[in-house]
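1. My questions concern the predicted model and sequence given below.
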Amino acid sequence: MYKYAILIDAGFLKKKLFVRNNRVPINSDLIIDFVADIKSSMANVIDDKTFMHRIYYYDAYPADGRFKNPISNSKIDLQQTEIYKINARIISKLKITPNFAVRLGECAFRGWKVNNSALKSNDGHGNVNIVESDLSLNIQQKGVDMRIGLDVATLTLKKQVNGIVLVSGDSDFIPPMKFARKEGVQLILCSLDHKIKTEMLEHSDYSLQV
């Protein structure tokens, strides 16, 4: 019996599915269907009978809070935005979906950032005119990558699985990928045709096409 776990970098997956689905907003059903496709693909590429141990889904609960634009003083309540509502619904649904383990980091407000297009435009004397629409909230995720790395190490050291399917295109995961392979666990990379560094392929055993 070949036992494997699926580890999903949610930020990466949602962006790729958004493009695949003609920029239709992502929902939990699309993610569940994607996992079903992975299970089907794994059954085809592994000679032994396969058993899916668990799906680990790594995300951060959407940022909330009320903020005031420093130029116009207009207010924004993040809990009332569509992106907040969509991501909150996804997390709530996956938390109670069989075999899903939702691992949540944090979203932190890091001030306001100026869009690159505004910075590139000037009056010829190096002066830039910034208006309300040139500013956006700088929201950063914290703790998500660390949780993925820790779970790779835990699954490996406790010998809970024979293989790990990593859904990501982030080269920051190369060290835990190398660790898993050195300890005898197969590392199956699912990058969804994302352009990745060669090292990610070098330190995986198989590239899964889904």
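-> That came through, no problem. Residues are numbered from 1 along each chain as shown.
2. immediately after the helix or strand of the chain with the lowest mean pLDDT, which helix or strand?
-> Within the chain, no helix or strand scores below helix 116-120, which has a mean of 65 by mean pLDDT, DSSP states H and E. Moving toward the C-terminus from helix 116-120, the next helix or strand (DSSP states H and E) is strand 135-142.
3. ok, residues contacting that next one?
-> The contact list for strand 135-142 (C-beta atoms under 8 Å, 6 or more residues apart in numbering) reads 11, 60, 63, 67, 69-71, 76, 78, 105-115. Bear in mind the C-beta positions are built from the backbone N, C-alpha and C, glycine included.
4. For the lengthiest strand in the chain, what is the distance to the chain centroid?
-> In the chain, with assignment by DSSP state E, the single longest strand is strand 100-114. From the chain centre to the centre of strand 100-114 is a distance of 11 Å (C-alpha atoms, centre = their mean, to the nearest Å).
5. Show me what that strand is in contact with.
-> With C-beta under 8 Å, 6+ apart as the criterion, strand 100-114 contacts 54-63, 65, 67, 69-70, 91, 94-95, 130, 134-144, 146-148, 151.
6. What of stretch 81-98?
-> 25-28, 31-32, 57, 59, 61-64, 78, 100, 102, 104.
7. where along the chain do the strands fall?
-> Under DSSP E, the chain gives strands at 2-9, 50-60, 66-68, 75-77, 100-114, 135-142, 163-167, 186-190, 206-207.
8. Narrow the contacts of strand 135-142 to those that are buried.
-> Neighbour counting by 16 or more other C-beta atoms under 10 Å classes G11, A60, A63, L78, G105, C107 among those as buried.
9. okay, those in CSV with pLDDT next?
-> Output for those, formatted as CSV (pLDDT from 0 to 100):
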residue, pLDDT
G11, 93
A60, 92
A63, 81
L78, 82
G105, 90
C107, 80
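10. If we only consider those residues, which is nearest to D193?
-> G11 (16.9 Å; C-beta to C-beta).
11. for that closest one, what are its contacts?
-> Contacts of G11 by C-beta under 8 Å, 6+ apart are D59, Q141, V144.
12. okay, and for this structure, where does confidence drop off?
-> Along the chain, the parts satisfying pLDDT under 70 run over 117-128, 133.
13. what do you get if the cut-off is 80, keeping everything else the same?
-> 65, 67-68, 71-73, 108-140, 142 (pLDDT under 80).
14. thinking again about what came up before, can I get the contacts of G11 in JSON lines with neighbour count and distance to L208?
-> Shown next, in JSON lines, are those (neighbours: other C-beta atoms under 10 Å; distance: C-beta to C-beta, whole Å):
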{"residue": "D59", "neighbour count": "23", "distance to L208": "21"}
{"residue": "Q141", "neighbour count": "17", "distance to L208": "25"}
{"residue": "V144", "neighbour count": "19", "distance to L208": "21"}
